[in-house]
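# Kindly return the folded structure for what I paste below:
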Amino acid sequence: MIFNSISYAIFFPIVVILYFALPKKFKNIHLLLASYFFYGCWNVKYAALMLLSTVITYLAARLMDSYGKKKVFLSISFILNLGILFVFKYYGFFIDIFNRISGGNSSTAALFILPVGISFYTFQALGYTMDVYRGDIKAERNFITYALFVSFFPQLVAGPIERSKNLLPQIRNQGEYCVCNLVEGLILIFYGLFLKLVIADRAAIYVNTVFGSMDFKGTAMMLGALLFSIQIYCDFYSYSIMAKGSAKVMGIDLMDNFREPFLAVSIVDFWRRWHISLSTWFKDYLYIPLGGSRKGKFRHYVNIMIVFLVSGLWHGANYTFLIWGLIHGILNIISHFISRLKTGGSFISRNISRLVTFILVVLAFVFFRAEKVSDAFTYISRMFRSTGAGVLEAGLNAPNLYVLLIALLILFVVDVLKYNKINVKDKFMHSPTILKGVVFFALIMVVVIFGIYGVGFSESMFIYFQF
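Presented below is the predicted three-dimensional model:
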């Protein structure tokens, strides 16, 4: 079940109505059952895998609180959970590396179908055990509460990767019905549908055509790289804010996962704004334990590189993701080495830095999108050739390109307003009811008409489901 589906449009209102109708003692049980049903719609067997991860981390945290020997139980939790993740996600990849080194057959099929969202809920559960280990929180004694923390359906399969200190107390206290929460949540849900249906899925048509063929010329290839960066941003951002909106309707606040990343003035600034829940997870649970910047410049740069290589590997068992992580690691090190990235300066210098950062991010995303490393290099080389098919031969006709450009203009305006901390949301929430109704109707019409126009309605998967 996905957010942009008819089934979710039926499932979500039923879950919300029952949540607020049920007595308090049954609310979390109801949400837990709903979350497992939501996940089981992909693969019922893999719901048992999530339950296993939940039981392991729950017991590890309780044992740390009750018997001490925190390092022992923390180690057991990490070994078992990362072991499960390795078998399902990385076994074939590392066997392939071993075979290449040993001269054996380099083609290895994966043992299992990758369970959707396994990297997300595994990291969320491991973050909880680290918080208990550090004494930041006490181990949760109520298994239902903790199981819901791991499996909460809005953010289960593609994040944000929530922190125990934020989500667990809200689950314990349970959300209360509020019209303002309903309005704000629905705004986020429909804006997410706009990003997904009108921008991401429309850009995907062009991107899939261009990346699937090397018959295009420079301008078309450049536009393909640009549109993939926009596609992955809008696709992932749409899931994150629809998750946030779904939770908000039930009175639960999830963390922001994006803060206008394409307006970043440096690569370091980009990573403060892109996939925030993952980047801060790596900062808190990997970078800082490795020593951060406390053990000299060389060790600092080594730690940065380790984090970005692991981040690349987190995204998938493919050399392309490792190269993508390597590129960002190098760019971050260079940035720190040169100037420690002061974000001040004149208007012109800041916008030049912003443009350079955006170009570097777009080029790195070519490796993220390519099937093989060699394909990425070929793609980049063809960006600077003058022979080949043109822009309008890439499956997206002129009317759809115009719709896409208008939608991107809307996205740009919204992001600029948010970047400059112009709080349109609060002004809207205090506006007359009739204005809210008109805006809602307009947003729905935009999603329905332009989400289908020229493309057709499809319950397309979100890109980050594969991670």
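# switch to C-alpha atoms for all contacts and neighbour counts from now on
Noted.
# Would you map the strands across the stretch 101-250 of the chain?
Here the stretch 101-250 of the chain has no strands by DSSP state E, counting those that start in this stretch.
# what stretches of it score poorly on pLDDT?
103-112 (pLDDT under 70).
# these two touch, right, Leu195 and Ser238?
Yes. Checked against Cα atoms under 8 Å, the pair Leu195 and Ser238 is within contact range at 5.6 Å.
# What is the neighbour count of Leu286?
17 (other Cα atoms under 10 Å).
# residues touching it, list them.
Counting by Cα atoms under 8 Å, 6 or more residues apart in numbering, Leu286 makes contact with Val307.
# For Met130, see how far away it is.
11 Å (Cα to Cα, to the nearest Å).
# Which residue comes closest to Tyr239 once chain neighbours are left out?
Gly192 (6.6 Å; Cα to Cα, 6 or more residues apart in numbering).
# burial count for the one you found?
So Gly192, with other Cα under 10 Å, has 27 neighbours.
# ditto for the one 5 residues further on
When neighbours are counted by other Cα under 10 Å, Leu197 registers 28.
# try Asp253
Close neighbours of Asp253, defined as other Cα under 10 Å, add up to 19.
# follow-up on the earlier one: next, the contact list for the residue nearest to Tyr239, please.
237-239, 241-242.
# could those go into CSV alongside neighbour count and distance to Ile29?
Below are the contacts of Gly192 laid out as CSV (neighbours: other Cα atoms under 10 Å; distance: Cα to Cα, whole Å):
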residue, neighbour count, distance to Ile29
Tyr237, 24, 29
Ser238, 28, 28
Tyr239, 31, 25
Ile241, 30, 25
Met242, 25, 23
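# Out of those, which is nearest to Leu401?
Ser238 (20.1 Å; Cα to Cα).
# ok, the closest residue to that closest one other than its chain neighbours to Cys234 distance?
Closest residue to Ser238 apart from its sequence neighbours, by Cα to Cα, 6+ apart: Gly192 at 4.1 Å. Gly192 is 8 Å from Cys234, where distance means Cα to Cα.
# Please enumerate the helices of the stretch 201-350 of the chain.
Remark: helices assigned in the stretch 201-350 of the chain by DSSP state H, counting those that start in this stretch are 201-211, 218-249, 267-273, 276-282, 297-315, 319-339, 347-369.
# TSV please, covering these and showing distance to Gly68.
Listed next are these as TSV, based on distance: least, Cα to Cα, whole Å:
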stretch	distance to Gly68
helix 201-211	51
helix 218-249	35
helix 267-273	35
helix 276-282	25
helix 297-315	29
helix 319-339	37
helix 347-369	43
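# Tell me which of the ones you listed lies nearest to Leu82.
Nearest to Leu82 among the helices of the stretch 201-350 of the chain is helix 297-315 (11.3 Å), distances taken as Cα to Cα.
# Grab the nearest non-local neighbour of Glu176.
Using Cα to Cα, 6+ apart, the nearest residue to Glu176 is Gly251, at 5.6 Å.
# Do I have it right that the one you found meets Asn181?
Yes. In this structure, Gly251 is within contact of Asn181 by Cα under 8 Å, at 6.2 Å.
# circling back to that earlier point, most packed of the helices of the stretch 201-350 of the chain?
Counting by mean count of other Cα atoms under 10 Å, helix 218-249 has the highest mean neighbour count of the helices of the stretch 201-350 of the chain, with a mean of 24.
# Could you tell me the angle between it and helix 347-369?
Helix 218-249 runs at 90 degrees relative to helix 347-369, counting by axes from the mean of the first three to the mean of the last three Cα atoms, to 10 degrees.
# angle of helix 218-249 against helix 201-211?
Going by the same axes, to 10 degrees, helix 218-249 makes 140 degrees with helix 201-211.
# Output the contacting helices and strands for helix 218-249.
With contacts taken as 3 or more Cα pairs under 8 Å, 6 or more residues apart in numbering; DSSP states H and E, helix 218-249 sits against helix 179-193, helix 201-211, helix 347-369, helix 373-382.
# With distance to Ala48 added, can I get those helices in a markdown table?
Supplementary listing: the helices and strands packed on helix 218-249 in a markdown table, determined by distance: least, Cα to Cα, whole Å:
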| stretch | distance to Ala48 |
| --- | --- |
| helix 179-193 | 29 |
| helix 201-211 | 32 |
| helix 347-369 | 31 |
| helix 373-382 | 35 |
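# Ok, which of the ones you listed comes nearest Phe262?
Among the helices and strands packed on helix 218-249, the nearest to Phe262 by Cα to Cα is helix 347-369 (6.2 Å).
# Alpha carbons of that closest one, as CSV, please.
Listed next in CSV are the C-alpha coordinates belonging to helix 347-369 (Å, rounded to 0.1, in the frame of the first residue of the first chain):
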residue,chain,number,x,y,z
PHE,A,347,24.3,38.3,-2.5
ILE,A,348,26.2,37.5,-5.7
SER,A,349,28.8,35.3,-4.1
ARG,A,350,26.2,33.3,-2.2
ASN,A,351,24.2,32.6,-5.3
ILE,A,352,27.3,31.6,-7.2
SER,A,353,28.1,29.2,-4.4
ARG,A,354,24.5,28.0,-4.6
LEU,A,355,24.7,27.4,-8.3
VAL,A,356,28.1,25.5,-8.1
THR,A,357,26.7,23.4,-5.2
PHE,A,358,23.6,22.5,-7.3
ILE,A,359,25.7,21.5,-10.3
LEU,A,360,27.9,19.3,-8.2
VAL,A,361,24.8,17.6,-6.6
VAL,A,362,23.2,17.0,-10.0
LEU,A,363,26.4,15.5,-11.5
ALA,A,364,26.8,13.2,-8.4
PHE,A,365,23.2,12.1,-8.8
VAL,A,366,24.0,10.6,-12.2
PHE,A,367,26.0,7.9,-10.4
PHE,A,368,23.0,7.4,-8.0
ARG,A,369,20.7,6.8,-11.0
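# Does anything pack onto that helix? Which helices or strands?
helix 218-249, helix 267-273, helix 319-339, helix 373-382.
# Which of the ones you listed sits closest to Ser346?
Here helix 319-339 is closest among those (Cα to Cα), at 16.0 Å.
# quick one: average pLDDT of the closest one?
Mean pLDDT, helix 319-339: 89.
# and it, what does it pack onto?
The contact analysis (3+ Cα pairs under 8 Å, 6+ apart) places helix 319-339 against helix 267-273, helix 297-315, helix 347-369, helix 373-382.
# Return that helix as PDB; C-alpha atoms alone will do.
The C-alpha trace of helix 319-339 is given here as PDB (Å, rounded to 0.1, in the frame of the first residue of the first chain):
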ATOM      1  CA  TYR A 319      29.000   0.200  -6.700                       C
ATOM      2  CA  THR A 320      27.200   3.300  -8.000                       C
ATOM      3  CA  PHE A 321      25.900   4.200  -4.500                       C
ATOM      4  CA  LEU A 322      29.500   3.700  -3.100                       C
ATOM      5  CA  ILE A 323      30.800   6.100  -5.800                       C
ATOM      6  CA  TRP A 324      28.000   8.600  -5.000                       C
ATOM      7  CA  GLY A 325      28.900   8.400  -1.400                       C
ATOM      8  CA  LEU A 326      32.600   8.800  -2.200                       C
ATOM      9  CA  ILE A 327      32.000  11.900  -4.300                       C
ATOM     10  CA  HIS A 328      30.000  13.600  -1.500                       C
ATOM     11  CA  GLY A 329      32.700  12.500   1.000                       C
ATOM     12  CA  ILE A 330      35.400  14.100  -1.100                       C
ATOM     13  CA  LEU A 331      33.400  17.300  -1.700                       C
ATOM     14  CA  ASN A 332      32.700  17.600   2.000                       C
ATOM     15  CA  ILE A 333      36.400  17.200   2.900                       C
ATOM     16  CA  ILE A 334      37.500  19.700   0.200                       C
ATOM     17  CA  SER A 335      34.900  22.200   1.600                       C
ATOM     18  CA  HIS A 336      36.100  21.800   5.100                       C
ATOM     19  CA  PHE A 337      39.800  21.900   4.000                       C
ATOM     20  CA  ILE A 338      39.400  25.100   2.100                       C
ATOM     21  CA  SER A 339      37.400  27.400   4.200                       C
END
